[in-house]
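# What shape does this take:
(chains A, B, C and D)
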There are 4 protein chains.
Amino acid sequence: MLGRGVWSSLRQGLSRGLSRKVGGWASGEGRKMDIAGIYPPVTTPFTAIAEVDYGKLEENLHKLGSFPFRGFVVQGSNGEFPFLTSIERLEVVSRVRQAMPKDKLLLAGSGCESTQATVEMTVSMAQVGADAAIVVTPCFYRGRMSSAALIHHYTKVADLSPIPVVLYSVPANTGLDLPVDAVVTLSQHPNIVGIKDSGGDVTRMGLIVHKTGRQDFQVLAGSAGFLLASYAVGAVGGVCALANVLGAQVCQLERLCLTGQWEDAQKLQHRLIEPNTAVTRRFGIPGLKKTMDWFGYYGGPCRAPLQELSPTDEEALRMDFTSNGWL
Amino acid sequence: MLGRGVWSSLRQGLSRGLSRKVGGWASGEGRKMDIAGIYPPVTTPFTAIAEVDYGKLEENLHKLGSFPFRGFVVQGSNGEFPFLTSIERLEVVSRVRQAMPKDKLLLAGSGCESTQATVEMTVSMAQVGADAAIVVTPCFYRGRMSSAALIHHYTKVADLSPIPVVLYSVPANTGLDLPVDAVVTLSQHPNIVGIKDSGGDVTRMGLIVHKTGRQDFQVLAGSAGFLLASYAVGAVGGVCALANVLGAQVCQLERLCLTGQWEDAQKLQHRLIEPNTAVTRRFGIPGLKKTMDWFGYYGGPCRAPLQELSPTDEEALRMDFTSNGWL
Amino acid sequence: MLGRGVWSSLRQGLSRGLSRKVGGWASGEGRKMDIAGIYPPVTTPFTAIAEVDYGKLEENLHKLGSFPFRGFVVQGSNGEFPFLTSIERLEVVSRVRQAMPKDKLLLAGSGCESTQATVEMTVSMAQVGADAAIVVTPCFYRGRMSSAALIHHYTKVADLSPIPVVLYSVPANTGLDLPVDAVVTLSQHPNIVGIKDSGGDVTRMGLIVHKTGRQDFQVLAGSAGFLLASYAVGAVGGVCALANVLGAQVCQLERLCLTGQWEDAQKLQHRLIEPNTAVTRRFGIPGLKKTMDWFGYYGGPCRAPLQELSPTDEEALRMDFTSNGWL
Amino acid sequence: MLGRGVWSSLRQGLSRGLSRKVGGWASGEGRKMDIAGIYPPVTTPFTAIAEVDYGKLEENLHKLGSFPFRGFVVQGSNGEFPFLTSIERLEVVSRVRQAMPKDKLLLAGSGCESTQATVEMTVSMAQVGADAAIVVTPCFYRGRMSSAALIHHYTKVADLSPIPVVLYSVPANTGLDLPVDAVVTLSQHPNIVGIKDSGGDVTRMGLIVHKTGRQDFQVLAGSAGFLLASYAVGAVGGVCALANVLGAQVCQLERLCLTGQWEDAQKLQHRLIEPNTAVTRRFGIPGLKKTMDWFGYYGGPCRAPLQELSPTDEEALRMDFTSNGWL
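Numbering: from 1, shown residues only, chains lettered A, B, ... in the order given. All right, here's what the predicted structure looks like:
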């Protein structure tokens, strides 16, 4: 396994080479925070009576800390954040900050439905240790979430946030795609550093990279299923549910892409698609948590109304890992 | 204008006649609460700095109190409930309880994403005066919201709720329809009294009436656009955003349906479709609030990220009322 | 069973009463053809080697001829018209013309993808005996089928057609809804007499009736599942796949609606929803043809790629009829 | 510009290197036809009175013949095949065969709605010179087009076709995706050599490559917008509408991918996304034909109901090319 320094160099290499961006974002005057790399979106462990199990959370973090991740996403869609109280959301971020390695980034999901609540949650998350905020699109009134409304929302949040903001588009959950024109406009905001795009449309991702080329704006793939293709069109990393269980493999895929070993990257990518779909779209968080149990982490139950997998589904989930050689 | 007693008799007539149900639900042993009738889903007024304006809320209620509504829905989708804190949600219910006529029903929207939070909100709303709870389907993890998950969710809520529960399906906001088989199963729960169905699929509504015929289960149309058709297939009332501005007309449509004056009902229904679409799907809550301003109520601003209408949209909104003779 | 004259009178009554239209369309100067009533969309029988079985077609027609239908639709979606050659399409229309009672209407589906081919097919169908043409929206290039394109298409067809044209919107097959504004514009064409709307959105249907009120424009429900509701909002008839097997019942539902017996209509409508869904959306033409076999008609096989029902599906299909008392 | 021999070598390199397949398909015993490479889907030119203009077709072919395409697709979705008669479809294929260079492949779209008609059209197209048939999914009865139905359809066509068959999935037109499990099953048929996938979901494309790895089964990207990403996950070529106007550039993108020059490939890919979207999803065939006029080919009118672009749309179309430096 390569050490952190090597990985950092590799990413620098990416910045100088494949990517359209020269140098790093973090260092220079006026540069945006560099968020390149792989992040597992951490799950929230619950006890048998559905209380947050902070001890198990820390244990999971310690195990995940051994992989060359760039950092951790807390309260992405896989964190069951809509089921947590505001106090729980902040406490989870605080605990992750303490349990994770000091040199990694903590990206905290701070999205709420109203702009005001999102601003407050973002500020609070910064106070408890988040390095950047990942802000999902509001969605209950999706029929009114025009580009203008979304630009207004994100601009307000970014204006008032003490930490950089990452846009977050996840149509499978929200039923809406943050429009490309809104992304391009928002990329010009000095405190908006990138987007986590979970839709899987690489044409769109390539276009976003193309049209934000002058803004130090970074695209993260929202899933391991299209990670290779995302790197190919200019993404600089990924937030991958699968990295909660196959952390080494997802990081290896990153390395193969960064070093231009596309043949091996393709072979590895192929073997990750079915397991990735299984722990995301096909079986959701219950599938991801069940798999975590198999791989030596604490998965445990979800909060209701999310249900446990049926034995049949569990069998199919296992098959998606065994048939690709991972179990 | 007819008095309350006459309306009550009319509804009794409906129960004996057109409807499949004999008598009322409220009185007898083992009968479910009778929720038949028209309800405006009350909007939440905000001040210029986006605080809840409880004074304006009460003023609106006093004006609306003069119509023969069966009651009021608080924190349906039109109440901007996803933008309110838990404390605001309860305070709004409490204020409406005090401001509204004593003989009307208060149906409070208590849905949250998690089952536990929904139970707690339902119990709290009962404590501050709600007669029944309207519970929207959880939706962020819609890919996992199978019939089994939704049956589990609603059963838990109904088991623990001190007040009757009304199911609430609103696919335009949630991206999911509560499946008919789940509705049929849930209709057998003694504390689940009906469904507010906003999808507009009358084939589905007729089937729900048909398959729940033995359970005292009541269907409310979720919009004035298909109110006549809903009565025709067996619904017993409606929760109609349009009733916030055309309260007399929506109640008149109810009366025409209940008394079998279908020709006049049809003519009136026709003139309500465009105004109804304008204040719901087409221009959303900003359109509804703007129209309230025109009709002598306090509409005022929405909370962000909902935006004000553009002048062009406002013009189109007005046209949908003027072209049908309402302005 | 009532005779034809009585039915005609009933429909006149509808025209004078419930409907917005006074008198009939067929008689007076400048009036459009009256198409009010119920139509089964006739299936195309095939032999075991997938040739059109004209003998069985005629037998079916003779049996169907005993019901008080207004006429027959040939080569609607249930006629497998996309699987027929141009010659077969015309031959089927010709045979139906000869086999059906003289006093009924023959509405022939003449839609093709190109405007030119549709014009030619419409003219040919008139020549072999169609009284009117039902023209489905072109759909392969649905992304380009704007209101303007569709208005142009239908105007051209209506200009050149020797027989009246009925618009036909069936989104389940075509993936597009003929927009209301296009329908309103087209309703002004003297040779466009109505629309068959299979989408099931009664709000839309009511709006179409409302906005075409001055044009003698008639709306036919495209399915028996929402027939009652369609009459309630101003439709004047229906093209109902279910009428191929429950012809008496669908006609009885029409009679109950026309005579204002809404309670009985509702009860009957309820019992028709599941059987209707079974022979349309749920099991498609294979389901309809299997049911025809059960009810004494010739159903027989479909052309490939449509497949026979599995035994499990066949069991579920039967249950949808038995549980409602029809088998 | 490189000569044909060089390109062939490059593709061999791809076969030996990046791709999972060793050697070529065309030569050895039991190998499937090698279809790797870039294909423009040829448009069908019409005169002012909407007749096929075979002269213009040949002129276009002669101009296109100078690029290192692997061949031509005739009567893909861009060929307006649903607007052509059977005779025109065959005549177009025949003319293209005569006008195109001898060493290139002619892939002819032979899909019809019925299995029988598709078989007949495929056989006829082979007779007039097609090297392989591209068969679009039947779609009018998409609700019944299960994997079983589609497997049956394609198996029958492949069994009876004298030339290799390429599957064709284009959900934007057909409203259905050929399911992955059906593709995997069909890949085992000796006469089914690959799939043209126009959906743009590279996760799906990667999975298809992965699961058909032992069947000499080849994936072609159905659009230039995701061509680079498709190569990255294992596709071996593309059918690209954009190649009708930017033929050199699409071929250059292929070369950059085959030779592993991913940085330059990414830059070029980025500049092709907006022009590609403009001539496909955004402005459709009218947009493509208008652009052909600008680039020295004959575009001309479409058959109705496809409409000419409005001046506003034409301006936007031009901007998508100028802003990326192509006009």
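
# per-residue pLDDT, residue A:30?
Confidence at residue A:30, expressed as pLDDT, is 67.

# Equivalent analysis for residue A:22, please.
pLDDT for residue A:22: 31.

# One more: residue A:6?
On the pLDDT scale, residue A:6 gets 46.

# which is the next helix or strand following the least confident helix or strand in chain A by mean pLDDT?
Every helix and strand in chain A was compared by mean pLDDT, DSSP states H and E; the lowest is helix A:4-16, with a mean of 45. The first helix or strand that comes after helix A:4-16 along the chain, using DSSP states H and E, is strand A:37-39.

# what comes into contact with that next one?
Here strand A:37-39 makes contact (CB atoms under 8 Å, 6 or more residues apart in numbering or on different chains) with A:7, A:11, A:68-73, A:105, A:107, A:220, A:236-240, A:243, A:250-251, A:254. From N, CA and C alone the C-beta is placed, and that goes for glycine too.

# ok, now which ones touch the spatially closest residue to residue A:215 that is not a sequence neighbour?
Of all residues not flanking residue A:215 in the chain, residue A:187 sits nearest, at 4.3 Å (CB to CB, 6 or more residues apart in numbering or on different chains). Residue A:187 makes contacts with A:212, A:215, A:217, as judged by CB under 8 Å, 6+ apart.

# Relative to chain B, how far out is the closest residue to the first one other than its chain neighbours?
Spelled out, that is residue A:212. Nearest residue to residue A:212, sequence neighbours excluded (CB to CB, 6+ apart): residue A:187, at 4.0 Å. According to CB to the nearest CB, to the nearest Å, residue A:187 stands 19 Å off from chain B.

# As a check, name the ranges of all helices in the stretch 1-150 of chain A.
Assigned by DSSP state H, counting those that start in this stretch, the helices in the stretch 1-150 of chain A fall at A:4-16, A:54-64, A:86-99, A:115-127, A:147-160.

# what helices or strands is the shortest one leaning on?
Secondary structure elements in contact with helix A:54-64, counted by 3 or more CB pairs under 8 Å, 6 or more residues apart in numbering or on different chains; DSSP states H and E, are strand A:41-42, helix A:86-99.

# What distance do you get for the spatially most central residue of chain A to chain D?
Nearest to the geometric centre of chain A sits residue A:239, at 2.9 Å (CA atoms, centre = their mean). According to CB to the nearest CB, residue A:239 and chain D sit 15 Å apart.

# List the contacts of that residue.
With CB under 8 Å, 6+ apart, residue A:239 has these contacts: A:39-41, A:73, A:76, A:107, A:134, A:196, A:198, A:220-223.

# For the residues you listed, which two are the farthest from each other?
A:107 and A:223 (15.6 Å; CB to CB).

# Tell me how far the closest residue to chain C within the stretch 51-200 of chain A lies from residue A:310.
Nearest residue of the stretch 51-200 of chain A to chain C: residue A:143, at 15.7 Å (CB to the nearest CB). Per CB to CB, to the nearest Å, residue A:143 is found 35 Å from residue A:310.

# Looking at the two, which one has more neighbours?
Comparing residue A:143 with residue A:310 by other CB atoms under 10 Å in any protein chain shown, the one with more neighbours is residue A:143, at 15 against 12.

# Now do the contacts for residue A:32.
Here residue A:32 is in contact with A:25, A:164, A:190, A:193-194, A:215-218 (criterion: CB under 8 Å, 6+ apart).

# Pull the most distant pair out of these.
Greatest spacing in the contacts of residue A:32, by CB to CB: A:190 and A:218 (13.9 Å).

# Which one's more surrounded, those two?
Legend: neighbour count by other CB under 10 Å for residue A:190 and residue A:218, higher for residue A:218 (25 against 12).

# so who does the more buried one touch?
Applying CB under 8 Å, 6+ apart, the residues contacting residue A:218 are A:25, A:32, A:34-36, A:193-195, A:235-237.

# got it, and residue A:186?
A:151, A:154-155, A:158, A:167, A:192.

# Also residue A:269?
Contacts for residue A:269 (CB under 8 Å, 6+ apart) come out as A:227-228, A:253, D:206, D:233.

# And residue A:58, by the same measure?
A:95, A:98-99.

# per-residue confidence at residue A:193?
98.

# Dihedrals phi and psi, it?
Here is the backbone geometry of residue A:193 (degrees, to the nearest 10): phi -100, psi -10.

# Which of the helices or strands spans whichever residue of the stretch 201-327 of chain A sits closest to chain C?
Of all residues in the stretch 201-327 of chain A, residue A:203 sits closest to chain C, at 15.7 Å by CB to the nearest CB. For residue A:203, the host element (DSSP H and E) is helix A:202-211.

# neighbouring contacts of that helix?
Contact with helix A:202-211 is made by A:20, A:177, A:180, A:183-184, A:195, A:197, A:217, A:219, A:221, A:226, A:229-230, A:232-235, D:200, D:202, D:223, D:225-226, D:228-229, D:266, D:269-271, D:273-274, D:277, as judged by CB under 8 Å, 6+ apart.

# Residue A:93 and residue B:111, how far apart?
26 Å.

# Filter the contacts of residue A:32 down to the buried ones and hand me the PyMOL line.
Per 16 or more other CB atoms under 10 Å in any protein chain shown, the buried members of the contacts of residue A:32 correspond to this PyMOL selection:
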select buried, chain A and resi 25+164+193+194+215+216+217+218
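
# From the contacts of residue A:32, which land in strands?
The strands, defined by DSSP state E, take in A:193-194, A:218 from the contacts of residue A:32.

# ok, residue A:318 - contacts?
A:294, A:327 are the contacts of residue A:318 under CB under 8 Å, 6+ apart.

# let's see it at 10 Å
A:278, A:290-291, A:294, A:327 (CB atoms under 10 Å, 6 or more residues apart in numbering or on different chains).

# Show me which residues of the host helix or strand of it are buried.
Secondary structure assignment for residue A:318, by DSSP H and E: helix A:311-322. Going by neighbour count (16+ other CB under 10 Å), the buried part of helix A:311-322 is A:313-314, A:317, A:320-321.

# likewise stretch A:58-77?
A:58, A:60-61, A:63-64, A:67-77.

# what's the neighbour count on the residue nearest to residue A:130 when sequence neighbours are not counted?
Once flanking residues are discounted, residue A:130 sits nearest to residue A:108: 3.6 Å by CB to CB, 6+ apart. Neighbour count of residue A:108, defined by other CB under 10 Å: 33.

# How about residue A:214?
10.

# Now do the phi/psi pair for it.
Main-chain torsions, residue A:214, degrees, to the nearest 10: phi -100, psi 0.

# nearest to residue B:258, of the contacts of residue A:186?
residue A:151 (47.8 Å).

# Distance of the closest one relative to residue A:173?
21 Å.

# pLDDT below threshold where in the stretch 1-150 of chain A?
By pLDDT under 70, the weakly predicted segments of the stretch 1-150 of chain A are A:1-30.

# Checking stretch A:140-156 against chain B, do any of its residues make contact.
Yes: counting by CB under 10 Å from any CB of the partner chain, chain B is contacted by stretch A:140-156 at A:140-146, A:148-154, A:156.

# Max pairwise distance over those: which two?
Longest span within those, CB to CB: A:143 and A:156, 20.7 Å.

# Show me what counts as buried in stretch A:76-89.
A:76-84, A:88-89.

# Skipping adjacent residues, who's closest to residue A:218 in space?
Counting by CB to CB, 6+ apart, the residue nearest residue A:218 is residue A:194, at 3.5 Å.

# Might one say that the one you found is in contact with residue A:169?
No: contact between residue A:194 and residue A:169 fails when scored by CB atoms under 10 Å: they sit 11.5 Å apart.

# what do the two both touch?
Taking CB under 10 Å, 6+ apart as the contact rule, residue A:194 and residue A:169 both touch A:183, A:208.

# Thanks a lot, see you next time.
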